[in-house]
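>>> Prediction below, plus the sequence it came from.
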Amino acid sequence: MADVFISFIHEEQRIAEAVQAYLKGHLKRLVPNGVFLSADDWTVFAGEVWLERIRQELQEASVVVLMLSQQSVQRPWINFEAGAAWLANKALIPVCFGGLTKGDMPKPYSGIQGLDLPDDAFYLLRSVQHHLDPKGVLPPPPPEDRYLAEIRAALKGEHRVVSPPPPPLPHQKTAPEPRSMPEEKETQ
């Protein structure tokens with residue numbers, strides 16, 4: 001079960017995946033059990049009882065990241081997962097984008113400290129780190145790393161900046177490393 005649960009709507013999956021990669025890329029040590037995407041076909045498998053899997057992941061996660069846009073706050077599943085996490089005393093982090101800002105969050109979200117993507121991306125890292133390891137220190141990432149570039153591209157609806165690694169097979173712990181082709185020597 002994952003350390004962080006990301007709640008999002010299916011139409012905004014690419015943005016949620018970019019946030020997932022950002023958290024995993026910069027907080028490897030703090031998320032050894034991963035970052036769960038609530039509506040991802042690679043984390044909820046055919047044959048599983050979907051609602052039970054969501055319940056288990058919410059119970060085990062320490063932090064719940066709520067991907068809030070003008071569209072998502074009107075959807076029942078975001079509100080359902082947020083309410084379940086709130087009742088379980090999980091740390092809730094509203095992440096605003098898609099025409100919604102932290103200053104415009106509707107109630108009850110407006111009573112929780114939120115942040116705006118992409119401007120507050122490092123604040124997201126610091127906040128997740130704080131909830132997982134309050135005494136830890138997080139050095140700032142480079143101003144424009146590949147994970148942040150991917151978030152920016154996803155928010156704009158642009159093509160991927162970095163191709164994601166293939167998902168691991170059931171018997172693998174992580175995705176295999178890509179092999180590089182040997183360089184050919186020029187012949188004249």
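Ah, there it is. Everything quoted here is computed from the prediction, not taken from an experiment.
>>> roughly how far apart are the residue nearest to residue 9 when sequence neighbours are not counted and residue 98?
Counting by C-beta to C-beta, 6 or more residues apart in numbering, the nearest residue to residue 9 once its immediate chain neighbours are dropped is residue 72, at 4.7 Å. Placement of C-beta: from N, CA and C, glycine included. Remark: distance between residue 72 and residue 98 (C-beta to C-beta, to the nearest Å) = 8 Å.
>>> so the residue nearest to residue 9 touches residue 13, yeah?
No: because the distance of 11.4 Å does not satisfy C-beta atoms under 8 Å, residue 72 is recorded as not touching residue 13.
>>> These two: who's more crowded?
In this comparison of residue 72 against residue 13, neighbours counted by other C-beta atoms under 10 Å, the higher total goes to residue 72 at 22 against 19.
>>> residues of the helix or strand bottoming out on mean pLDDT in the chain that come out buried?
The helix or strand of the chain with the poorest confidence is helix 50-60; it has a mean of 90 (mean pLDDT, DSSP states H and E). Of all the residues in helix 50-60, those buried under the rule 16 or more other C-beta atoms under 10 Å are 53-54, 57-58.
>>> Can I get these in CSV including distance to residue 154?
Listed next are the buried residues of helix 50-60 as CSV, based on distance: C-beta to C-beta, whole Å:
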residue, distance to residue 154
53, 25
54, 23
57, 22
58, 24
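>>> Out of the residues you listed, which comes closest to residue 139?
Using C-beta to C-beta, residue 57 comes nearest to residue 139 of the buried residues of helix 50-60, at 29.0 Å.
>>> Tell me which residues touch that closest one, please.
Contact analysis of residue 57 by C-beta atoms under 8 Å, 6 or more residues apart in numbering lists 1-2, 5, 36, 38.
>>> Likewise for residue 116?
For residue 116, the residues meeting the contact criterion (C-beta under 8 Å, 6+ apart) are 96-97, 101-102.
>>> And residue 106, by the same measure?
Contacts of residue 106 by C-beta under 8 Å, 6+ apart are residue 73.
>>> any idea how far it is from residue 70?
Applying C-beta to C-beta to residue 106 and residue 70 gives a distance of 10 Å.
>>> next one: residue 28
Taken as C-beta to C-beta, the spacing of residue 28 relative to residue 70 amounts to 33 Å.
>>> The two: which is more packed in?
Relative neighbour count places residue 70 above the other of residue 28 and residue 70, with 13 against 9, counting by other C-beta under 10 Å.
>>> Spatially nearest residue to the more buried one (excluding sequence neighbours)?
Here the nearest residue to residue 70 in space, its sequence neighbours aside, is residue 99; by C-beta to C-beta, 6+ apart that works out to 4.3 Å.
>>> coming back round to it: need the residues touching each of residue 72 and residue 98.
Residues within reach of residue 72 and of residue 98 at once, by C-beta under 8 Å, 6+ apart, are residue 12.
>>> In contact with residue 67, which residues are there?
Residue 67 makes contact with 6-9, 12, 15-16, 19, 78, 95, 97 under the criterion C-beta under 8 Å, 6+ apart.
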